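[1] fold the following for me, if possible:
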Amino acid sequence: MAGIGFEIRKILKRDSYLSVFSAYAYAGIIGSGPWVLSILGVLLIGLMSLGVVLPEVLITQFQVTVTHLIAMSLILTGFLQLGFTRYIADRLYLKDTDAILPNFMGAIFITMLVSGLIGVALAVFAFPEQDAFYRILLIANFVVLCNIWIATIFLSGMKNYKAILILYAMGYSLAVMAAILLRGFGLDGLLLGILVGHFTLFSGMMLFIIRSYPSNRFVEFDFLEKKRMFVSLIWTGFFFNLGTWIDKYIFWYSPLTGQKAIGAFHASLIYDLPIFLAYLSIIPGMAVFLVRMETDFVEYYQKFYDAVRDGGTLDYIEEMRDEMVGIARQGIFEIIKVQSIAVLVVFVAAPTLLRVIGISQYYISLLYVDVVAAGLQVVFLGVINVLFYLDKRMIALVLTALFSGLNLIFSLLSIHLGASWYGYGFAISLLITLVVGLYWLDRKLAILEYETFMLQK
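    Model prediction:
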């Protein structure tokens, strides 16, 4: 499959400083583009509605609504994301491409059904004071977002990163334009505008997938069979998304840090903005992550396992194993190094940045902690990625469950300890999980040959 690895290799073959810079810039845009575009789209809609949508609290209600819908949809679809991607990868390995589209449609059908039921229950019971149109838009946006994450993880698993970026750019550009045109209708107009963008994004993904994987069958649920889905991947996807968002929920709904925004949705003025700014700092780390993992590591990973399957010589197998392990360790170290530089840059620029965008300097200490935490999460992604390549699914499950549990405990503790400890729950939970993950990964890499041959059937 043509993926980002091939694109980056073509750029790097030019063998110049400019080509190296271009490769990392390309990887950074591809890796972080969808995240940046979605958040910037919501912010732009809010900024361009100032002075038009009155009272201005409606803009805050719009942003809080969309943020909650994104969080809820990611956590819900986490159950399906990794397990379904593995099923599709297995079908491609077995050259059973006719099963891909009907099972993708089956996954979309189940996602629509479950998210629709949850959305209706949420709209009916959690927003009794809102008008019917708001509740309809709430349900529609939630269902479409859930389907977007399934389509996005499908295309990511197929290495179609460029298609994802282009579709996200089109979808959120249209969302911003539609919301601006409809902002005269207040909160409902803004939600309708972003629904137009989300629906366009999902429709584009659907068309791309249908054209890429045609089939004479429409809907199947083969992926739900017991031997087709890995339970460990189902729970890993859930725990990772829950761990990423659980500290936000704690700060949203704590009486000390959160306040009601609209219906059952709360927000935290002290916590939300710093964590958003912190996540923008992960772009350099994501660039290194994609370049190292999708080029050098994948190349030697394939050579090592091809040699094992095809009966390569022991010397060659050992050579490929050493190269693969060395690149895996070097890649993780480079992510740490580059992300550390990004953290230092934010530390230096933070006072000026907050002053330019008109934010109080009281946020600066929380921003520092969140920047470090976001950097740790990028490194954690690198470790999890290598574990998935090595098919160490149970280790990945334990690590994501550990991250989720520690983030819950330490975030609650940080609120109890006071404002000077805010953000440390997220950072410390990631630090502990990362240390455990690095130790576990190092042990598995040390006995890679033994476990590889012992597991052969």
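
[2] how near is residue 192 to residue 123?
    To residue 123, residue 192 is 15 Å away according to C-beta to C-beta, to the nearest Å. C-beta coordinates here come from the backbone N, C-alpha and C atoms, glycine included.

[3] okay, now the domains of this structure?
    The record's domain parsing of the chain by automatic domain parsing lists 4-8+16-229, 277-454.

[4] need those in JSON lines (columns: mean neighbour count, mean pLDDT and distance to residue 237).
    JSON lines is the format used below for the domains of the chain (neighbours: other C-beta atoms under 10 Å; pLDDT from 0 to 100; distance: least, C-beta to C-beta, whole Å):
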{"stretch": "domain 4-8+16-229", "mean neighbour count": "18", "mean pLDDT": "87", "distance to residue 237": "4"}
{"stretch": "domain 277-454", "mean neighbour count": "18", "mean pLDDT": "87", "distance to residue 237": "8"}
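
[5] please enumerate the strands of this structure.
    If DSSP state E is used as the criterion, the strands of the chain fall at 259-262, 265-267.

[6] which one of those lies closest to residue 246?
    Distance to residue 246, taken as C-beta to C-beta, is lowest for strand 265-267 among the strands of the chain, at 14.3 Å.

[7] packing partners for the closest one?
    Packing partners of strand 265-267 (3 or more C-beta pairs under 8 Å, 6 or more residues apart in numbering; DSSP states H and E): helix 57-93, helix 231-253, strand 259-262.

[8] partners of it in the sheet?
    With DSSP bridges as the test, strand 265-267 is paired with strand 259-262 (antiparallel).

[9] which other residues reach the strand it pairs with?
    Contacts made with strand 259-262 from outside it, assessed by C-beta atoms under 8 Å, 6 or more residues apart in numbering, are listed as 60-61, 64-65, 127, 130, 266-269.

[10] then stretch 53-71?
    Under the contact criterion C-beta under 8 Å, 6+ apart, stretch 53-71 has outside partners 38, 42-43, 45-46, 49-50, 138, 141-142, 145, 183, 186-187, 189-191, 194, 245, 248-249, 261-262, 265-267, 272.

[11] wait, residue 48 touches residue 178, no?
    No. Under the criterion of C-beta atoms under 8 Å, residue 48 is not in contact with residue 178, lying 11.8 Å apart.

[12] what distance do you get for residue 41 to residue 70?
    11 Å.

[13] mutual contacts of those two, please.
    By C-beta under 8 Å, 6+ apart, no residue touches both residue 41 and residue 70.

[14] contact partners for residue 273?
    Residues near residue 273 by C-beta under 8 Å, 6+ apart: 359, 363.

[15] my bad, should have said residue 243
    Neighbouring residues of residue 243 by C-beta under 8 Å, 6+ apart: 400, 403-404, 407, 429.

[16] which non-adjacent residue is nearest it?
    residue 404 (3.6 Å; C-beta to C-beta, 6 or more residues apart in numbering).
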